[in-house]
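Trainee: heads up, no residue letters with this:
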(Lines give C-alpha, C1' and ligand atoms only; values in the text may rest on other atoms or scores of the structure.)
Protein backbone atom coordinates (compact mmCIF):
# COMPACT_ATOMS: atom_id res chain seq x y z
CA UNK A 1 0.00 0.00 0.00
CA UNK A 2 2.84 2.38 0.84
CA UNK A 3 4.45 1.64 -2.55
CA UNK A 4 1.22 2.59 -4.34
CA UNK A 5 0.94 5.81 -2.34
CA UNK A 6 4.55 6.72 -3.06
CA UNK A 7 4.08 5.89 -6.74
CA UNK A 8 0.99 8.10 -6.93
CA UNK A 9 2.87 10.92 -5.19
CA UNK A 10 5.73 10.56 -7.69
CA UNK A 11 3.35 10.63 -10.66
CA UNK A 12 1.62 13.76 -9.34
CA UNK A 13 5.01 15.40 -8.90
CA UNK A 14 6.02 14.48 -12.46
CA UNK A 15 2.77 15.88 -13.86
CA UNK A 16 3.21 19.13 -11.95
CA UNK A 17 6.81 19.39 -13.13
CA UNK A 18 5.70 18.94 -16.76
CA UNK A 19 3.10 21.70 -16.35
CA UNK A 20 5.84 24.08 -15.23
CA UNK A 21 8.22 23.39 -18.12
CA UNK A 22 8.58 25.97 -20.82
CA UNK A 23 9.94 26.35 -24.32
CA UNK A 24 11.08 29.34 -26.30
CA UNK A 25 9.04 30.14 -29.39
CA UNK A 26 10.44 32.54 -31.93
CA UNK A 27 8.40 34.84 -34.19
CA UNK A 28 9.34 32.82 -37.29
CA UNK A 29 7.94 29.52 -35.99
CA UNK A 30 4.79 28.18 -37.59
CA UNK A 31 1.89 25.93 -36.66
CA UNK A 32 2.50 22.29 -37.58
CA UNK A 33 -0.97 22.09 -39.13
CA UNK A 34 -1.70 25.37 -40.95
CA UNK A 35 1.84 26.77 -41.31
CA UNK A 36 0.70 30.25 -40.21
CA UNK A 37 2.87 32.09 -37.66
CA UNK A 38 2.42 30.45 -34.29
CA UNK A 39 2.34 33.67 -32.29
CA UNK A 40 -0.71 34.97 -34.17
CA UNK A 41 -3.06 33.22 -31.71
CA UNK A 42 -3.20 30.85 -28.73
CA UNK A 43 -1.02 27.78 -29.21
CA UNK A 44 0.28 24.55 -27.70
CA UNK A 45 3.93 23.51 -27.62
CA UNK A 46 4.62 19.81 -27.00
CA UNK A 47 7.83 18.38 -25.51
CA UNK A 48 8.59 16.86 -28.95
CA UNK A 49 8.71 20.47 -30.28
CA UNK A 50 5.58 20.16 -32.45
CA UNK A 51 3.51 23.34 -32.19
CA UNK A 52 -0.15 23.92 -32.96
CA UNK A 53 -2.64 26.77 -32.74
CA UNK A 54 -5.38 25.81 -30.30
CA UNK A 55 -8.06 25.67 -32.98
CA UNK A 56 -5.80 23.64 -35.31
CA UNK A 57 -5.03 21.13 -32.57
CA UNK A 58 -8.69 20.78 -31.67
CA UNK A 59 -9.56 20.18 -35.33
CA UNK A 60 -6.87 17.47 -35.53
CA UNK A 61 -7.78 15.77 -32.25
CA UNK A 62 -11.61 15.83 -32.41
CA UNK A 63 -12.03 13.18 -35.14
CA UNK A 64 -9.96 10.77 -33.02
CA UNK A 65 -11.92 11.20 -29.79
CA UNK A 66 -14.77 9.08 -28.48
CA UNK A 67 -18.24 10.59 -28.72
CA UNK A 68 -18.30 11.32 -24.99
CA UNK A 69 -14.98 13.18 -25.14
CA UNK A 70 -16.09 15.09 -28.25
CA UNK A 71 -19.19 16.31 -26.46
CA UNK A 72 -17.09 17.18 -23.38
CA UNK A 73 -14.72 19.27 -25.56
CA UNK A 74 -17.66 21.05 -27.19
CA UNK A 75 -19.23 21.72 -23.79
CA UNK A 76 -15.94 23.10 -22.39
CA UNK A 77 -15.45 25.32 -25.44
CA UNK A 78 -19.00 26.62 -25.13
CA UNK A 79 -18.53 27.33 -21.42
CA UNK A 80 -15.23 29.13 -22.04
CA UNK A 81 -16.80 31.34 -24.72
CA UNK A 82 -19.78 32.11 -22.47
CA UNK A 83 -17.40 32.78 -19.61
CA UNK A 84 -15.32 35.19 -21.71
CA UNK A 85 -18.42 37.10 -22.81
CA UNK A 86 -19.65 37.66 -19.24
CA UNK A 87 -18.39 40.87 -17.66
CA UNK A 88 -16.44 40.50 -14.44
CA UNK A 89 -18.79 41.33 -11.56
CA UNK A 90 -16.04 42.88 -9.48
CA UNK A 91 -12.42 43.92 -9.77
CA UNK A 92 -9.38 44.42 -7.61
CA UNK A 93 -10.18 46.14 -4.35
CA UNK A 94 -8.51 49.33 -3.24
CA UNK A 95 -6.01 47.58 -0.99
CA UNK A 96 -4.43 45.97 -4.04
CA UNK A 97 -5.80 42.48 -3.43
CA UNK A 98 -8.55 40.78 -5.32
CA UNK A 99 -12.05 40.11 -4.12
CA UNK A 100 -13.23 36.53 -3.70
CA UNK A 101 -15.44 36.89 -6.82
CA UNK A 102 -12.46 37.71 -9.02
CA UNK A 103 -10.37 34.90 -7.54
CA UNK A 104 -13.15 32.35 -7.96
CA UNK A 105 -13.80 33.61 -11.50
CA UNK A 106 -10.13 33.17 -12.37
CA UNK A 107 -10.11 29.75 -10.71
CA UNK A 108 -13.18 28.68 -12.68
CA UNK A 109 -11.61 29.84 -15.95
CA UNK A 110 -8.38 27.99 -15.12
CA UNK A 111 -10.31 24.86 -14.21
CA UNK A 112 -12.24 24.90 -17.51
CA UNK A 113 -9.05 25.56 -19.46
CA UNK A 114 -7.20 22.74 -17.66
CA UNK A 115 -10.03 20.29 -18.36
CA UNK A 116 -9.89 21.19 -22.06
CA UNK A 117 -6.09 20.94 -22.08
CA UNK A 118 -6.23 17.50 -20.45
CA UNK A 119 -8.32 16.20 -23.34
CA UNK A 120 -6.92 18.13 -26.31
CA UNK A 121 -3.23 18.28 -25.41
CA UNK A 122 -2.88 14.87 -23.80
CA UNK A 123 -0.55 13.80 -26.60
CA UNK A 124 0.99 15.25 -29.76
CA UNK A 125 -1.10 14.42 -32.83
CA UNK A 126 1.97 14.22 -35.08
CA UNK A 127 4.03 11.72 -33.09
CA UNK A 128 1.90 10.49 -30.21
CA UNK A 129 -0.66 7.79 -29.66
CA UNK A 130 -3.18 9.29 -32.10
CA UNK A 131 -0.66 8.99 -34.92
CA UNK A 132 0.21 5.44 -33.93
CA UNK A 133 -3.46 4.41 -33.86
CA UNK A 134 -4.03 5.94 -37.29
CA UNK A 135 -1.05 4.26 -38.98
CA UNK A 136 -3.27 1.88 -40.94
CA UNK A 137 -5.58 4.65 -42.16
CA UNK A 138 -5.23 5.33 -45.89
CA UNK A 139 -3.99 8.75 -47.00
CA UNK A 140 -6.75 8.86 -49.59
CA UNK A 141 -10.20 7.63 -48.65
CA UNK A 142 -11.68 5.08 -51.06
CA UNK A 143 -14.46 7.53 -51.96
CA UNK A 144 -11.84 10.15 -52.98
CA UNK A 145 -9.58 7.77 -54.89
CA UNK A 146 -10.89 8.44 -58.42
CA UNK A 147 -10.87 12.21 -58.06
CA UNK A 148 -7.32 12.09 -56.63
CA UNK A 149 -6.07 9.97 -59.53
CA UNK A 150 -7.71 12.30 -62.05
CA UNK A 151 -6.17 15.37 -60.38
CA UNK A 152 -2.68 13.89 -60.86
CA UNK A 153 -3.15 13.40 -64.60
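Mentor: Here it is on my side, so go on. Remember, it's a predicted structure, so these values are computed and weren't measured experimentally. Numbering: from 1, shown residues only.
Trainee: use CA for all of it now, contacts and neighbours both
Mentor: Will do.
Trainee: contacts for stretch 25-35, please.
Mentor: For stretch 25-35, contacts defined as Cα atoms under 8 Å, 6 or more residues apart in numbering pick out 36, 37, 38, 39, 50, 51, 52, 53, 56, 57.
Trainee: can you pull out the helices in the chain?
Mentor: Taking DSSP state H as the criterion, the chain contains helices spanning 2-19, 54-61, 67-85, 100-120, 129-133, 145-152.
Trainee: please identify the deepest-packed of these.
Mentor: helix 54-61 (a mean of 17; mean count of other Cα atoms under 10 Å).
Trainee: which pLDDT value goes with residue 136?
Mentor: Looking at residue 136, its pLDDT reads 83.
Trainee: likewise residue 19?
Mentor: pLDDT, read off for residue 19, is 68.
Trainee: also residue 97?
Mentor: So, for residue 97, pLDDT stands at 46.
Trainee: hmm, residue 126 and residue 46 touching each other?
Mentor: No: Residue 46 is beyond contact range of residue 126, at 10.2 Å (criterion: Cα atoms under 8 Å).
Trainee: of the contacts of stretch 25-35, grab the buried ones for PyMOL.
Mentor: Buried members of the contacts of stretch 25-35, defined by 16 or more other Cα atoms under 10 Å, are picked up in PyMOL with:
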select buried, resi 37+38+50+51+52+53+56+57
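Trainee: among the contacts of stretch 25-35, which ones are in strands?
Mentor: Within the contacts of stretch 25-35, residues falling in strands by DSSP state E are 51, 52, 53.
Trainee: next, the contact list for the first one, please.
Mentor: Right, the one you point to is residue 51. 30, 31, 32, 38, 43, 44, 45.
Trainee: quote the end-to-end distance of stretch 59-66.
Mentor: Counting by Cα to Cα, to the nearest Å, you get 14 Å between the two ends of stretch 59-66.
Trainee: before we move on, back to that, okay if I get the contacts of stretch 25-35 as TSV plus distance to residue 153?
Mentor: Below are those laid out as TSV (distance: Cα to Cα, whole Å):
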residue	distance to residue 153
36	30
37	33
38	35
39	39
50	34
51	35
52	33
53	35
56	31
57	33
